[in-house]
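Participant: Structure of the sequence below:
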Amino acid sequence: QTLVASTSYFLKEQLFVPSGVTLTIPAGTSIFASPALPGGVAPAIVIEQGATIAAAGTASSPITMTTVLAESALASTVQVTSDTSSSTGSLALGETGKWGGLIILGSAPTSAASYSTNYIEGISGKPYGGTNPNDNSGTLQYVRVWHGGAIVGADNEINGVTFGGVGSLTTVDHVEVAYNADDGFEFFGGTVNVKYLSVLFGLDDSFDTDEGYQGKGQFLFT
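Facilitator: Numbers count the residues shown, from 1 in each chain. Below is the predicted model:
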């Protein structure tokens, strides 16, 4: 499936990209997600084991995944005091948890006892992990994920970007998560190496690693 940059996409439910399929998102594409309906699940994009994502944005034409709600509908204001002076001001922060986020699942090793029944956080029935440290789940460059982290159950939120058993041949650089209700980036095992990641105004960890993550991160900003 290949998207078109000149089209704005409306994501109203969970999108699963199955094994053997590549989701191609050109530079400059925008995807707008609806909030979860009462009693429903939060929209999210899930790249399953064996599938790949080809999301190669550029600095001038990033790929944006965000809520369909207008910024004016999200705005709240907090008071800010400078650490170096007595001056005060206001800072507008968008609300968090308006949709799910981006989940990428690979076949690289994790410390979990069973790969076939090891399901990713926030999504039911989607396994990750395996025995291939060189697994390739695709490309993620100049992508921004905003206003995500919706709660889908008790103590069960979706991270801005979740890597589950993602391997070292996957390319990840220049990715931003902003206004996320759960972690910005979380790595469940895997060997993926990342560069130039930023997390802004998250409500939980900015960068979280679990289950024996063995990748490398460079130029991480929070």
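Participant: Next, find the distance separating the residue most central in space within the chain from residue 146.
Facilitator: By C-alpha atoms, centre = their mean, the chain has its centre lying nearest to residue 161, at 1.9 Å. From residue 161 across to residue 146, the span is 11 Å (C-beta to C-beta, to the nearest Å). In short, each C-beta sits where N, CA and C put it, glycine included.
Participant: and for these two, which residues touch both?
Facilitator: Taking C-beta atoms under 8 Å, 6 or more residues apart in numbering as the contact criterion, the common neighbours of residue 161 and residue 146 are residue 177.
Participant: hmm, back to that, I figured the residue nearest to the centre of the chain hits residue 104, correct?
Facilitator: Yes: counting by C-beta atoms under 8 Å, residue 104 is a contact partner of residue 161 at 7.4 Å.
Participant: who touches both of the two?
Facilitator: Common neighbours of residue 161 and residue 104, using C-beta under 8 Å, 6+ apart, are residue 140.
Participant: start to end distance for stretch 157-171?
Facilitator: 25 Å (C-alpha to C-alpha, to the nearest Å).
Participant: With stretch 160-169 instead?
Facilitator: 21 Å.
Participant: number of nearby residues for residue 170?
Facilitator: 25 (other C-beta atoms under 10 Å).
Participant: Using PDB, list the CA coordinates for stretch 123-137.
Facilitator: Output in PDB follows, covering the C-alpha atoms of stretch 123-137 (Å, rounded to 0.1, in the frame of the first residue of the first chain):
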ATOM      1  CA  ILE A 123      -2.500  -4.200  21.300                       C
ATOM      2  CA  SER A 124      -3.800  -7.700  21.800                       C
ATOM      3  CA  GLY A 125      -2.800 -10.800  19.900                       C
ATOM      4  CA  LYS A 126       0.200  -9.300  18.000                       C
ATOM      5  CA  PRO A 127       3.500 -11.100  18.800                       C
ATOM      6  CA  TYR A 128       7.000  -9.800  18.400                       C
ATOM      7  CA  GLY A 129      10.600 -11.000  18.900                       C
ATOM      8  CA  GLY A 130      12.500 -14.000  17.500                       C
ATOM      9  CA  THR A 131      16.000 -15.100  16.700                       C
ATOM     10  CA  ASN A 132      17.100 -12.700  13.900                       C
ATOM     11  CA  PRO A 133      19.100  -9.800  15.200                       C
ATOM     12  CA  ASN A 134      19.400  -8.400  11.600                       C
ATOM     13  CA  ASP A 135      15.600  -8.300  11.100                       C
ATOM     14  CA  ASN A 136      14.600  -5.300   8.900                       C
ATOM     15  CA  SER A 137      11.200  -3.600   9.600                       C
END
